[in-house]
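In: Okay, here's the prediction I keep looking at, along with the sequence it came from:
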Amino acid sequence: MSESIKLDIQKPIREVEKSPKAYAFYNASKSIPTVNPTETIDKKKNIYKWGTDDLYPNYLATLYYNCAMHNGIIRSKVHYTVSGGLGYKGTQSMEFDVFKKNGNSDYNLDEITELLSQDMEVFNGYAYAINFVNGRAFQIDHIPFEQVRKSVNDEEYAYYVSEDWSDRKEGFTKYKEIDIHDLTGTRIVYYKEDPKQIKLGGKITKGIYPAPPYSGGILAIETDVEINNYRRNEIYNNFSLGTIINFNNGQPSEDSDRDDIINDVRKAGQGSSNAGGIFATFNNGKDRETTVTNLTGNNLDSRYLALSKDNKENILLAHSVTNPLLFGVKTEGQLGGATELKVSYNLMKSGYFKYRQRAIITSLQYIWEVLLQKDGEILFKEVDLDLPEEEKPMQNTFNFASNDPVIDAFKTVGTKKKKRTRVLHTQEANPKRLNEEGVLKKYKTFERVTDIQINVLGMLHEGNDFDTIRKAINVPASNLSQMIDNLKTEGHISGNKVTDSGIRLLASNNKVTLSVVYSYEVRPELGQPDVIPTTRGFCRELISLDRYYTRGEIEQVSAMVDRDVWLYRGGFYHNPKSDKTTPYCRHYWQQSIILD
């Protein structure tokens, strides 16, 4: 049995109490400044700077702290990756227990790996220092990844570490990389996940620092923060500034005076931090008062809600989330049974978590096997999902057991159909020609209409009444009545409702959003119910899910089960009326255009 070494050594990393990790980040009470991941040389410090003003990791930390969904997904990913703790397979379990206690550190290796995993999910890399005593790796200390910079031409010290790179007075510590021939002092382990070279403007980054795993969702995450900031300020201020302001007191004599007024209005009325702000004007009499015209209606709150929904979907996609419920995100139409969550977890485990575990284990295994010359394998133990027990179905409930991995995979994706969903067009989906852009372009109409007609049509679609529309566009009631009559004559309005023809007009002018989705349906020409006594189990279950799927989700399922699910249907079908047999069943994949 190996003895535990207990020595008093000076730790190279500052002492940190056991508390949640603290990042340096921006004050997000105002708009977050977007920072690009540029990589330029700081000649004075001899490092490669990471982003504008060397603050790109601080920008990422700001997004992590201020976007609830993003934060929750990252914390869940860390939980699913490392919460099982480190395990060991081999003949030296006692020695591994000593190794896991981690010398004199305040953190054992289970706690260290949690910090490494968090850095992996926020930055896509991690760093730690190894302290060597008598030629043996004695202790591991976590180094916050955002504090590490790559040196430029320092052959001896590969990485520099500072608590605040934005502070010129703040010093930094230099670290050598591990050298198997010189196991003395303190060395650094710096891991980054497959950095890519990115084109920013006219320059290409050097790929020195990693891109975060959710790169494609950064704008959505930032937008989500701004949406919440907007809502917060609306609550505080209780008023929303309009979109057109007419100053009826004459033209300023100097261009500079006019520009100052415009800039003042812009500062007061733009940005989520100014939502609900009040703009005050002073006029010479009633006939010279400032007028405000709102061309977009007074439903900005609902527009923000719609934008928020799209944003959340983009964040989930950027994080490769198979089932939002697994990360504490409830989506409409999801039941969230234990079986569904287990399937979702196993899918993410095989496609994501095991690779993140491997990234952390690889360096620990190197220390254990090469530096300490021990045998056996370090691994992560299974995570306890702690899922609720599956509720038993009520009597007479239409329920089917399934062992089909395709059905299990489909349960993790899609959106429950809503009765109020407006379906504008349907046709059979051709897997070889899923030209969604072309389908939408063909559906839209490019009829010539004026901007004011489009605005009237849009406000009617949003539910605004006649008087609200008249005030918004600032026209006499008789003129508005004539516009509405013309739109009715052209078939764009029926009663007080916008017709499908009107929706096509709005979509063509980017006033509403159309989506192409797919659903599993019975062929309409058969005139039969969705499910009949002879319906096969696969079709019966997929029909019972009653969901819309995006093309990406269906192709994601194909990748999960390693088969083309576009062609995976119930089997052969014999039509008793035509006495013909087809190599597919009564059901098919239907492509639909719906109004979001």
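Out: Great, that's in hand.

In: and Tyr366, how many neighbours does it have?
Out: 16 (other Cβ atoms under 10 Å). Quick note: C-beta positions are derived from backbone N, CA and C, even for glycine.

In: So for this structure, the centremost residue is which one?
Out: With distances taken as Cα atoms, centre = their mean, Ile315 lies nearest the centre of the chain, 1.1 Å away.

In: quick one: contacts for that one?
Out: 67, 69-70, 73, 214, 217, 220-221, 224 (Cβ atoms under 8 Å, 6 or more residues apart in numbering).

In: now do 6 Å
Out: By Cβ atoms under 6 Å, 6 or more residues apart in numbering, Ile315 lies in contact with 69-70, 217, 220-221.

In: Could you save these as CSV and add columns showing pLDDT and neighbour count?
Out: CSV is the format used below for those (pLDDT from 0 to 100; neighbours: other Cβ atoms under 10 Å):
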residue, pLDDT, neighbour count
Met69, 89, 22
His70, 92, 26
Gly217, 89, 25
Ala220, 89, 22
Ile221, 90, 27
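
In: Could you single out the nearest of these to Met560?
Out: Of all the contacts of Ile315, Met560 sits closest to Gly217, with 21.0 Å by Cβ to Cβ.

In: surely that closest one meets Asn314?
Out: Yes: with contact defined as Cβ atoms under 6 Å, Gly217 counts as touching Asn314 (5.5 Å).

In: helix, strand or coil for the residue nearest to the centre of the chain?
Out: Three-state assignment for Ile315 (DSSP: H, G, I helix; E, B strand; the rest coil): helix.

In: Quick check: pLDDT value at it.
Out: Looking at Ile315, its pLDDT reads 89.

In: Distance of it relative to Ile493?
Out: 37 Å (Cβ to Cβ, to the nearest Å).

In: before we move on, what about Lys150?
Out: Lys150 is 63 Å from Ile493, by Cβ to Cβ.

In: ok, the two, which is more surrounded?
Out: The residue with more neighbours, out of Lys150 and Ile493, is Ile493; 21 against 18, by other Cβ under 10 Å.

In: List the residues that contact Lys101.
Out: Here Lys101 is in contact with Asn108 (Cβ under 6 Å, 6+ apart).

In: mind listing the strands for the stretch 101-250 of the chain?
Out: For the stretch 101-250 of the chain, the strands defined by DSSP state E, counting those that start in this stretch occupy 125-133, 136-143, 148-150, 159-161, 173-177, 186-192, 199-200, 203-204, 244-246.

In: To Glu382, which of the ones you listed lies closest?
Out: strand 125-133 (22.4 Å).

In: From the contact counts, what lies against that closest one?
Out: Helices and strands touching strand 125-133, by 3 or more Cβ pairs under 6 Å, 6 or more residues apart in numbering; DSSP states H and E, are helix 109-123, strand 136-143, strand 186-192.

In: tell me which residues in it are buried?
Out: By 16 or more other Cβ atoms under 10 Å, the buried positions in strand 125-133 come out as 125-132.

In: Make CSV from those and add distance to Arg168 and pLDDT to it.
Out: Formatted as CSV, the buried residues of strand 125-133 follow (distance: Cβ to Cβ, whole Å; pLDDT from 0 to 100):
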residue, distance to Arg168, pLDDT
Gly125, 25, 94
Tyr126, 27, 96
Ala127, 23, 95
Tyr128, 27, 95
Ala129, 25, 93
Ile130, 30, 92
Asn131, 29, 89
Phe132, 33, 85
